[in-house]
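Trainee: Structure for the following, please:
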Amino acid sequence: MTHKDEQWEKEIRKEPFASSPFTEDHKRKVLQQVEWMKKSEMGSQRDQSEGRPEPSRQRIGNNSSHKRRSRTAPLIAAAGALVIASGLFLWIWDDGQLVKPVIEQVYPTAALQYSDDLSINLLTDRMKRNVAVTMRDDLGKQLRITKVEDLPVSGRIYVEAGNESEKEYAQIWLDAATGNLRELEMRREMQPSELEHRYLRQVPSLLQSIGSTPTLKPASARRYVSMKQGEMEPISHTTLTLENENSYGEIVWQQDKAISITGELRPDQISQSALGDARKAIEALSGKANLDLVRASRSKDDELGEDTVFFSFESNYFVQMSEGKKGLSYTIGDANYYEQQEIGNIEEMEAYHEKLYNIDESLLRDNVGPIIKKIFNVDFNDYKLHKNAEQLGMVTFELESSTDVFQVIYREDGQIKMITRGEL
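Mentor: Numbering: from 1, shown residues only. Below you'll find the predicted structure:
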């Protein structure tokens, strides 16, 4: 049996809305809203017929104008119903991009979805609105509510939406007395095309600001929203990854402000002086000269107050230079260090850890001293060694008269795998 479209459904599918999505779920929501408006109108008419006084209004004009308004009232109500019915394709525009249907903006609780057998009566109208608006505005999507629970000890109502094992999930705690938000955690992964235009339009200029290629294409997006006890409003972090054939990038926004930008540097943006120093540092660590540069990238993190340049060379060697709130930091490393050590059992693991912790200090000094001398031109003899049993395979050498510190990562045989110089 085929479904017969109503006339208004046929109109919706005509231009200019032919490409707009229109499903049975959409139709159901529209009809619900039309029914809601009808009931509201019937209730208003019933109140007037029972002689309930209307609120006082300022009258303008004579009786004839009042009669005209009375005749047009049904037309206005009908027009309102038509707006609701056409809410599927009347959209709010965001700088040239269609983003949200009007009905969801005007009446957000209409878009709330519930699983079966929930204690929905626990949610007041204010609670429903707060949940709907929070998911709509902060997460960017209203997830299906899967759990509603009363928490009388804490005076809260708990709302869960989505599935914890999936990419879209929300937990919301509401004040049982006021209906206000108390705490929440929400997450969502989305296609780049689902990301609001106010983010996407910033991408080229943000990449250019760090010297990266502005033509990187959005690859994936995710959002995390949280609100802790005592905070006034939810805070969202939106992460967009970017890529093309040979490059990558990432931008993180807190609310609508970009706080972290990462991208590969264009060749004309690479400091040749810094690159030369990096090659010399790698030669001092590895003994290999003139290694080819594989990748150069920059990351600017306003939240941490750090600006970092990263050079990656062949054979998995790298150099990272950071300037931040604590000063300068310089790291030279061998990424092959991160390969897993092959250990057969617990006894071998314990023996390996003991070797790392009990490494001979003179062996370390003999191995790391010449490297540091070549790279930083520093006399290492005045630096005092510090070990930490919770950080096996890593020690620090600190100059007690200053904040200058070297952090050294080594293997059990004393081979140096990474050196970082920074400030405490």
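Trainee: give me the low-pLDDT residue ranges for this protein?
Mentor: Residue ranges of the chain with pLDDT under 70: 1-107, 337-343, 424.
Trainee: mind listing the helices for it?
Mentor: Counting by DSSP state H, the chain has helices at residues 7-12, 24-49, 63-85, 102-106, 125-134, 197-200, 203-209, 272-286, 346-357, 361-376.
Trainee: so Met190 bridges to which residues?
Mentor: Ala221 (DSSP bridges).
Trainee: That one is in contact with Ala221, isn't it?
Mentor: Yes. Between Met190 and Ala221 there is a contact under C-beta atoms under 8 Å: 5.0 Å. No exception for glycine: its C-beta is placed from N, CA and C like everyone else's.
Trainee: the more surrounded of these two?
Mentor: Neighbour comparison, Met190 and Ala221: the larger count goes to Ala221, with 22 against 18 (by other C-beta atoms under 10 Å).
Trainee: doesn't Ala176 make contact with Asp150?
Mentor: Yes. Using C-beta under 8 Å, Asp150 is in contact with Ala176, at 7.2 Å.
Trainee: Between these two, tell me which one has more neighbours.
Mentor: Set side by side, Asp150 and Ala176 show more neighbours around Ala176, with 18 against 12, by other C-beta under 10 Å.
Trainee: who touches that one in this structure?
Mentor: 150-152, 155-157 (C-beta atoms under 8 Å, 6 or more residues apart in numbering).
Trainee: now the nearest residue to Ser226 once chain neighbours are set aside, which residues is it bridged with?
Mentor: Excluding its sequence neighbours, the residue lying closest to Ser226 (C-beta to C-beta, 6 or more residues apart in numbering) is Glu185, at 5.3 Å. Beta bridges link Glu185 to Gln171, Ser226 when assigned by DSSP bridges.
Trainee: From Gly249, how far off is Glu185?
Mentor: According to C-beta to C-beta, to the nearest Å, Glu185 stands 27 Å off from Gly249.
Trainee: Just want to know which of the two has more residues nearby.
Mentor: Counted by other C-beta under 10 Å, Glu185 and Gly249 do not tie: Gly249 has more neighbours, with 27 against 15.
Trainee: Could you check how far the more buried one is from Arg223?
Mentor: Distance from Gly249 to Arg223, counting by C-beta to C-beta: 18 Å.
Trainee: wouldn't Lys355 be in contact with Glu412 here?
Mentor: Yes. The criterion here is C-beta under 8 Å, and Lys355 meets it with Glu412 at 4.1 Å.
Trainee: Thank you kindly, that will do.
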